[in-house]
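[1] Next input, structure requested:
(one chain, ligands or ions: 1)
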Amino acid sequence: MSEDGGDGAALDEDLRVPSCERCPALVESRSRIVDGVGPTDADLLFVGEGPGATEDEEGEPFVGRSGDVLDEALRDAGLARADVRITNCVRCRPPDNRDPTTDELANCRGHLESEIERLAPELIVTLGKVPSEHLLDRSVAITGESGGVVDARLAGESRRVLLSVHPAATLYDRSQRDGFFETIARAAELSGVGDREGSGGDGQSRLGEF
Ligand code: URA
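    The predicted structure follows:
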């Protein structure tokens, strides 16, 4: 986050996608476009797959059951949701919770690249197989590779990427929970976000108290 504690809210408008009709199936299934949330100068960027039913209803990424797990892991790592940016590979809900198609991922890529370019984050965390494969442009065995850090050329530069299982994986397989929490703690450590004054961890940035 910027030194003056600004959260870049004004700049957030530039990263919004006001309308898009590129993916016919998604236009049909979505209620709205779900843009990324969080400071536009965040040092830590989480990238999920695409909005689910709750996100489609509420217009914000990771606000359903997966989001609860992510929030808990962030708190556990000493971070507040408000300290990080959270976005998705595709911004519209795929029908029947299916994975986005290759064409849909490609159609939405420019929005994600703009977000990465604007933030220039210290670290990008891919939440699950789909975003990991999309950003690394190779197949990923996510359970085995989760917790690993790699460099990837994104938005014109080499960027540090930490791979993670999707938070939903911890809901259908409890044995993945500790590993997921450890990966999020690693994200806090590598990005340095949790070390900074103003990082909450209690759901509120401490700068808001002043
Ligand atoms: N799963 C995702 O990948 N993204 C969301 O926003 C919610 C659930």
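[2] Report the separation between the nearest residue to residue 103 once chain neighbours are set aside and the ligand.
    Nearest residue to residue 103 in three dimensions, chain neighbours excluded: residue 23, at 7.2 Å (C-beta to C-beta, 6 or more residues apart in numbering). All C-beta spots, glycine's among them, are computed from the backbone N, C-alpha and C. The gap separating residue 23 from the ligand is 16 Å, by C-beta to the nearest ligand atom, to the nearest Å.
[3] What about residue 23, how many residues nearby?
    Counted with other C-beta atoms under 10 Å, residues neighbouring residue 23 total 22.
[4] mind checking pLDDT for it?
    Per-residue pLDDT puts residue 23 at 98.
[5] Quick check: buried residues in stretch 135-155?
    By neighbour count on 16 or more other C-beta atoms under 10 Å, the buried set for stretch 135-155 is 135-136, 140, 142, 145-146, 150, 152, 154.
[6] for the protein, what spans make up the helices?
    Using DSSP state H, the helices of the chain run over 9-12, 24-29, 53-58, 65-76, 102-119, 129-136, 142-145, 169-172, 177-191.
[7] Other residues contacting the fifth one?
    Contacts made with helix 102-119 from outside it, assessed by C-beta atoms under 8 Å, 6 or more residues apart in numbering, are listed as 11, 14-15, 17, 20, 22-23, 25-26, 36, 40-43, 45, 47, 85, 87, 89-92, 94, 100, 124, 130, 134, 154-156, 159.
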